[in-house]
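Student: would you be able to build a 3D model of this:
(one chain, ligands or ions: 1)
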Amino acid sequence: MIYSRVIGTGGYLPEKILTNRDLEKMVDTSDEWIRSRTGITQRHIAADNETASDMALNASRGAMNAAGISAEQIDLIIVATTTPDVIFPSTACILQDKLGVKNCPAFDVQAVCSGFIYALTTADMFIRAGKCRTALVVGTEVYSRILDWNDRSTCVLFGDGAGAVVLTKSDQPGIISSHLHADGSYNNILSAPGNFSGGKVQGKPFVMMEGNTVFKFAVKVLEDVVNEALTENNLEVSDLDWLIPHQANIRIIISTAKKLGLPMEKVIATLDKHGNTSAASIPLALDVAVRDGRIKSGQHVLLEGVGGGFTWGAVLLCW
Ligand SMILES: CC(C)(COP(=O)(O)OP(=O)(O)OC[C@H]1O[C@@H](n2cnc3c(N)ncnc32)[C@H](O)[C@@H]1OP(=O)(O)O)[C@@H](O)C(=O)NCCC(=O)NCCS
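Tutor: As a prediction, the model looks like this:
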C-alpha cells in the first residue's frame, strides 16, 4: 500500500507584531473585547515589501531542513493562498523559482482558510497515484493587504504568516484519510468581493463577514467533519492524540472540542499569538507543536479547517 507521510514542517511569521493595544489606537476596540471574543492577543504583519511567496520561501526552507531534503528532490509544489503575489503567475511558480526547484508541477489552491487541507489532500493523492514522490505543501497569507483597517469587526481577527510541510511517499501511514467539503450557497457570508477590470479595482477587495453566521456554521461543520473522519476509520474521539483546528477564534475551537467531548489539553491552539492566518494557520500550528515536542511518532493527529466558500475539511494522520 502506498501512503504519503509528513517528514518535515516549517513556519514563518513576519517580524512586525501588532498587539491588541496597538489596535486600540487604530479603531474603536479594546484588548479586553478582542481577547474575550476571539482569544487573540497579537498577530504578525508582513513588511511592505514582503510577499506571500517570500514568507512561503522561509517556511519551505524550514520544512526542507527538518526533512533533510534538497530542492532537487521536490517533484510537486502546491501553495494554498488567498493573497497571491500577483494575479498570475501562481505563487507556487514564484516559490519554485525562489527555491531553485526545476521542472516539477507547481500550482496554487484557493480554498481560503481550508486551503491547506485542500492542498495537503491534493498532494496526498498525487503521491498515492504514483505521480510524484516528494511534495512541498505550503499555506501562506498576507491578509493585512485585504483588510479594511477601519473596520473593527474584521481587522482585529487576522494576521500574516506561512507554514509548510514536506510530504513523501511511504509504505507506512502517513495520511490515513482526508475529507473535503464545500457549499457555495454560503459564498456571501465570508468574502472579499472585489476584482480588477481595465486596471481598476471593482467592488470591495476587503474581507467582509457575517461574524455570527460564520461562527455557527464553523462550529457545526467542524464537529461534523471530525466525526466523519473518525467514523470512516472506526476510531473514537479518545483515539485522537491531537486536534489541530483552523485558528480563527478560541470560542469556535472550545465549542467544537466540547461538542466532541475532546479535552482542550489535546487541542493545539496558537491563535493567541498568530491571529487567524487563513491557509497558513494549520501548518503554522502543526509546526509549533512538532517543534516543541508535543506531537510524537505514532500519534493520531487530526487537522481540520473551515473557511470562505464555504469550504471545510479534515486530514487524519498517523505521525
Ligand atoms: C467576529 C466575532 C468575534 C464577533 O463576536 P460576537 O460575539 O459574535 O460579536 P457581535 O458580532 O455580536 O458584536 C457584538 C458587539 O461588538 C461590537 N464589535 C465588533 N467588533 C468589535 C471590536 N473589534 N471591538 C469592540 N467591539 C466590537 C459590534 O459592533 C457589536 O456591537 P453592538 O452590540 O453595539 O452592535 C465572532 O462573530 C466570530 O468570531 N465569528 C467568526 C469569525 C471567524 O472566525 N471568521 C473566520 C472563519 S474562517
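Student: drop to CA atoms for contacts and neighbour counts, all remaining ones
Tutor: OK.
Student: please enumerate the helices of this protein.
Tutor: Ranges of helices in the chain, per DSSP state H, are 20-24, 31-38, 52-67, 91-99, 115-128, 152-155, 211-232, 250-260, 271-274, 281-291.
Student: now do the fifth one, average pLDDT.
Tutor: Here helix 115-128 scores 98 as its mean pLDDT.
Student: residues in contact with that helix: which ones?
Tutor: Here helix 115-128 makes contact (C-alpha atoms under 8 Å, 6 or more residues apart in numbering) with 2-4, 76, 78-81, 109, 111, 132-135, 137-139, 167-169, 175, 178, 180, 278-280, 282-283, 303-305, 313-315.
Student: what does stretch 246-255 give?
Tutor: Identification of contacts with stretch 246-255 by C-alpha under 8 Å, 6+ apart yields 37-40, 113-114, 157, 215, 218-219, 245, 264, 269-271, 275-278, 281-282, 303-306.
Student: please list only the buried members of those.
Tutor: Taking 16 or more other C-alpha atoms under 10 Å as the criterion, what is buried in those is 38-40, 113-114, 157, 218-219, 245, 269-271, 275-278, 281-282, 303-306.
Student: so which of those residues belong to strands?
Tutor: Pro245, Leu303, Glu304, Gly305, Val306 (DSSP state E).
Student: next, count neighbours for Leu302.
Tutor: Leu302 has 24 neighbours, counted by other C-alpha atoms under 10 Å.
Student: please shift the residue numbers so they start at 135 in all later answers.
Tutor: Yes, from this point I'll number from 135; that puts the last item at Leu436.
Student: my guess is it contacts Leu451, does it?
Tutor: Yes. Contact criterion C-alpha atoms under 8 Å: Leu436 and Leu451 qualify, at 6.2 Å.
Student: tell me the bridge partners for Ile211.
Tutor: Beta-bridge pairing for Ile211 (DSSP bridges): Ala240, Leu270.
Student: pLDDT wise, what is it at?
Tutor: The predicted structure scores Ile211 at 98 on the pLDDT scale.
Student: how about the one 3 residues further on?
Tutor: Among the per-residue scores, Ala214 holds a pLDDT of 98.
Student: how many other residues sit next to it?
Tutor: 34.
Student: how much space between it and Ala414?
Tutor: Ala214 sits at a distance of 8 Å from Ala414 (criterion: C-alpha to C-alpha, to the nearest Å).
Student: are any of the contacts of helix 249-262 buried, and which?
Tutor: 137-138, 210, 212-215, 243, 245, 266-269, 271-273, 301-303, 309, 312, 314, 412-414, 416-417, 437-439, 447-449.
Student: okay, which residue is most central for the protein?
Tutor: Geometric centre of the chain, nearest residue: Ala413, 3.0 Å, by C-alpha atoms, centre = their mean.
Student: for stretch 408-422, output the C-alpha coordinates as CSV.
Tutor: Output of stretch 408-422 as CSV, limited to C-alpha atoms (Å, rounded to 0.1, in the frame of the first residue of the first chain):
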residue,chain,number,x,y,z
HIS,A,408,-0.8,34.4,15.4
GLY,A,409,-4.4,35.6,14.9
ASN,A,410,-6.2,34.0,12.0
THR,A,411,-3.6,33.4,9.3
SER,A,412,-6.2,31.7,7.0
ALA,A,413,-4.5,29.0,4.9
ALA,A,414,-1.3,29.3,6.9
SER,A,415,-2.9,28.7,10.3
ILE,A,416,-3.0,24.9,10.4
PRO,A,417,0.6,24.3,9.1
LEU,A,418,1.9,27.0,11.5
ALA,A,419,0.2,25.4,14.5
LEU,A,420,1.4,22.0,13.3
ASP,A,421,5.0,23.3,13.1
VAL,A,422,4.8,24.8,16.6
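Student: now do it: distance to the chain's middle.
Tutor: Relative to its chain's centre, stretch 408-422 lies at 5 Å (C-alpha atoms, centre = their mean, to the nearest Å).
Student: list the contacts for Val161?
Tutor: By C-alpha under 8 Å, 6+ apart, Val161 lies in contact with Trp283, Asn284, Asp285, Arg286.
Student: isn't Ala186 right up against Glu275?
Tutor: Yes. If you go by C-alpha under 8 Å, Ala186 and Glu275 touch, sitting 5.6 Å apart.
Student: related to what we said a few turns ago, which residues do Ala214 and Ala414 both contact?
Tutor: Phe250, Val272, Gly273, Thr274.
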